[in-house]
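Colleague: With the input below, show me the fold.
(one chain, ligands or ions: 2)
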Amino acid sequence: MFKIKTYNAISSKGLERFNPKTYEVGGAVADADAYVLRSQKLHGEPVPPSLLAVARAGAGVNNIPVGEYGQQGIVVFNTPGANANAVKELVLAGMLLTTRGILPGIEYARSLGTMTDSAEMHQLLEKEKSRFAGTELRGKTLGIVGLGAIGSMVADTALALGMKVLGFDPALSIDAAWRLSNAVQRMENLPSLLARSDFVSIHVPALESTRHMIDAAALSGIKPGAVLLNFARETIVDPAAILQSLDAGRLGRYVSDFPEPGLSTHDKCIAMPHIGASTEESEENCAVMAADQIMEFLENGNIVNSVNYPAVRMDRTPGATRLAIANENVAGVLGSVLSVLADAKLNVIDMINRSRDELAYNLIDLSSAPDETAIKAIGNVAHVIRVRVI
Ligand SMILES: NC(=O)C1=CN([C@@H]2O[C@H](COP(=O)(O)OP(=O)(O)OC[C@H]3O[C@@H](n4cnc5c(N)ncnc54)[C@H](O)[C@@H]3O)[C@@H](O)[C@H]2O)C=CC1
Ligand SMILES: O=C(O)C(=O)COP(=O)(O)O
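Modeller: Ligands and ions are numbered 1, 2, ... in the order given. Okay, here's the model as predicted:
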């Protein structure tokens, strides 16, 4: 029986993937083999020795100590692209909320709620509507910082609306480059993008390298009156610099899914309570992907969409016993493991070894099951972090 501890609202469509005959799943599960979570912060939380894997049903993993967990042999997964469409749609809403008098217009229409005469109401609305007039998106320039799953979808939508799209992403993956429309104009640096964009939408992960990438210096070069949209994370911007730029009349509007004290009530801010991924569809997509990845790892040792371990996949050899070994990526570990197996007269039928930065991972299919002594001996090989028999 595998034990899965859940945090946050995980869609039942995902949780239903776990067969109740072989999985115990719930928020109160103790000694979990794996966690499935969304934005639950794990930094500083005690780690049960039983924990083998964590699946983030979503994109951002800044709530998980990914590096530390890797050193302990805990594989961390996310669900790339599974909620990108939900964020894209809210970015579009964010742009429209700044260009049209939607929010004050709704408030005004509501304020007439006590009127009873329809003709009188319409006369008043027609008289006052010019206060809520706006501008169009077509023909305007959108600068996108980070052209991954969300950024590339935002680009497609903006292009379809007749906007000009600029992009900046110095770390763009080959897969992401293939997904990206060639109508997106590449910017060599952030200041060039900021100087030319009527709207700037940020879609980068929260890393040390992206912390406060929008600071006072960046804002000093932003196109006057530009709208900045932050559906990425609060750490990407310096809130004091945003406030200063809004008050100085340089930055036009700030739309954020990550409200900050002092900004959320500002007249030129539109703040939302981190609802970018909160759609039925995205919650289902993320939960299904997270559950499938966790099951594949627990049952077969295969790793897909990890953020700390390499992608590793090997078909099961019928009748074989599988060893899954996580180790530090230093020379000689695999050789030592294989000599333990040879000494124990265990025959290797198939194997795969992959590394990623400081960590490595191996799947070894054996024609017969190793005994406790052999497993212990593998666990004692220098730099081996974790051994699992599947
Ligand atoms: N508001 C919400 O509910 C949601 C927020 N997010 C946030 O959005 C972020 C992006 O999500 P995805 O597009 O799915 O991730 P992704 O990994 O597909 O794309 C991120 C892109 O940012 C680029 N990047 C990294 N550092 C950069 C830098 N310094 N300058 C420019 N580009 C840089 C990467 O090369 C990559 O192409 C997540 O990490 C998360 O923080 C994601 C989903 C929902
Ligand atoms: O996927 C992400 O990075 C998100 O920010 C979504 O967060 P959530 O799952 O809605 O708590």
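Colleague: Can you show me the strands along the stretch 251-390 of the chain?
Modeller: 253-256, 269-271, 321-328, 348-356, 359-366, 384-389 (DSSP state E, counting those that start in this stretch).
Colleague: now the first one, how far from the centre of its chain.
Modeller: Read that as strand 253-256. Distance of strand 253-256 from the chain centroid (CA atoms, centre = their mean, to the nearest Å) equals 20 Å.
Colleague: List the buried residues of it.
Modeller: For strand 253-256, burial by neighbour count (16 or more other CB atoms under 10 Å) applies to Arg253, Tyr254, Val255, Ser256. All C-beta spots, glycine's among them, are computed from the backbone N, C-alpha and C.
Colleague: Let me know the closest of those to Pro205.
Modeller: In terms of CB to CB, no member of those lies closer to Pro205 than Ser256, at 16.3 Å.
Colleague: The spatially closest residue to the closest one that is not a sequence neighbour bridge partners, please.
Modeller: Nearest residue to Ser256 in three dimensions, chain neighbours excluded: Asn230, at 4.4 Å (CB to CB, 6 or more residues apart in numbering). Counting by DSSP bridges, Asn230 forms beta bridges with Ile202, Ser256.
Colleague: Test my guess that Asn230 contacts Pro239.
Modeller: No: look at Asn230 against Pro239 with CB atoms under 8 Å: they stay out of range, at 10.1 Å.
Colleague: does any part of stretch 86-102 sit near ligand 2?
Modeller: No: using CB under 6 Å from any ligand atom, stretch 86-102 stays clear of ligand 2, coming no nearer than 7.9 Å.
Colleague: can you pull the buried residues of that stretch?
Modeller: Neighbour count says stretch 86-102 has 86-92, 94-95, 97-101 buried, by 16+ other CB under 10 Å.
Colleague: Give me the pLDDT value at Gly113.
Modeller: On pLDDT, Gly113 comes in at 88.
Colleague: Would you mind listing the residues in contact with the residue in the stretch 101-250 of the chain positioned nearest to ligand 1?
Modeller: With CB to the nearest ligand atom, the shortest gap between the stretch 101-250 of the chain and ligand 1 falls at Gly148, namely 1.8 Å. The contact partners of Gly148, by CB atoms under 8 Å, 6 or more residues apart in numbering, come to Pro80, Asp169, Leu172, Ser173, Ala176, His203.
Colleague: Let me know the pLDDT of the fourth one.
Modeller: At Ser173 the predicted local confidence, pLDDT, stands at 95.
Colleague: Could you pull up the residues touching it?
Modeller: The neighbours of Ser173, taking CB under 8 Å, 6+ apart as the test, are Gly148.
Colleague: any idea how far the residue positioned nearest the centre of the chain is from Ala9?
Modeller: With distances taken as CA atoms, centre = their mean, the residue of the chain nearest its centroid is Ala59 (1.3 Å). According to CB to CB, to the nearest Å, Ala59 and Ala9 sit 17 Å apart.
Colleague: Tell me the one among the buried residues of strand 253-256 nearest to ligand 1.
Modeller: Relative to ligand 1, the closest of these is Ser256; by CB to the nearest ligand atom it sits at 9.3 Å.
Colleague: so that closest one makes contact with Cys269?
Modeller: Yes: using CB under 8 Å, Ser256 is in contact with Cys269, at 6.9 Å.
Colleague: Just give the closest residue to Leu37, not the sequence neighbours.
Modeller: Leu37 sits nearest to Tyr7 (CB to CB, 6+ apart), 3.8 Å away.
Colleague: wait, what's in contact with the one you found?
Modeller: Residues near Tyr7 by CB under 8 Å, 6+ apart: Gly27, Tyr35, Val36, Leu37, Arg38, Gln40.
Colleague: Can you name the residues of the stretch 251-390 of the chain that neighbour ligand 1?
Modeller: Residues of the stretch 251-390 of the chain lying near ligand 1 (CB under 6 Å from any ligand atom): Asp257, His274, Gly276, Ala277.
Colleague: Now the last one, what are its backbone angles?
Modeller: The phi and psi torsions at Ala277 (degrees, to the nearest 10) take the values phi -100, psi 10.
Colleague: what about stretch 48-68, average pLDDT?
Modeller: On average, the pLDDT along stretch 48-68 is 98.
Colleague: Whether that stretch contacts ligand 2 - can you check?
Modeller: Yes: residues of stretch 48-68 contacting ligand 2 under CB under 6 Å from any ligand atom: Gly58, Ala59, Gly60.
Colleague: For the residue nearest to Ser256, grab the count of nearby residues.
Modeller: 24 (other CB atoms under 10 Å).
Colleague: again, but for Val29
Modeller: 17.
Colleague: repeat for the one 3 residues further on
Modeller: Counted with other CB under 10 Å, the neighbours of Ala32 add up to 21.
Colleague: Quick one: classify it as helix, strand or coil.
Modeller: Three-state assignment for Ala32 (DSSP: H, G, I helix; E, B strand; the rest coil): coil.
Colleague: Quick one: residues contacting it.
Modeller: Lys3, Ile4, Lys5, Pro48, Ser50, Leu51.
Colleague: go again using 6 Å as the cut-off
Modeller: Ala32 makes contact with Lys3, Lys5 under the criterion CB atoms under 6 Å, 6 or more residues apart in numbering.
Colleague: Contact residues of the stretch 251-390 of the chain facing ligand 2?
Modeller: Residues of the stretch 251-390 of the chain lying near ligand 2 (CB under 6 Å from any ligand atom): Ala277, Ser278.
Colleague: Which residue does the stretch 251-390 of the chain have closest to ligand 2?
Modeller: Nearest residue of the stretch 251-390 of the chain to ligand 2: Ala277, at 3.6 Å (CB to the nearest ligand atom).
Colleague: Thank you kindly, that will do.
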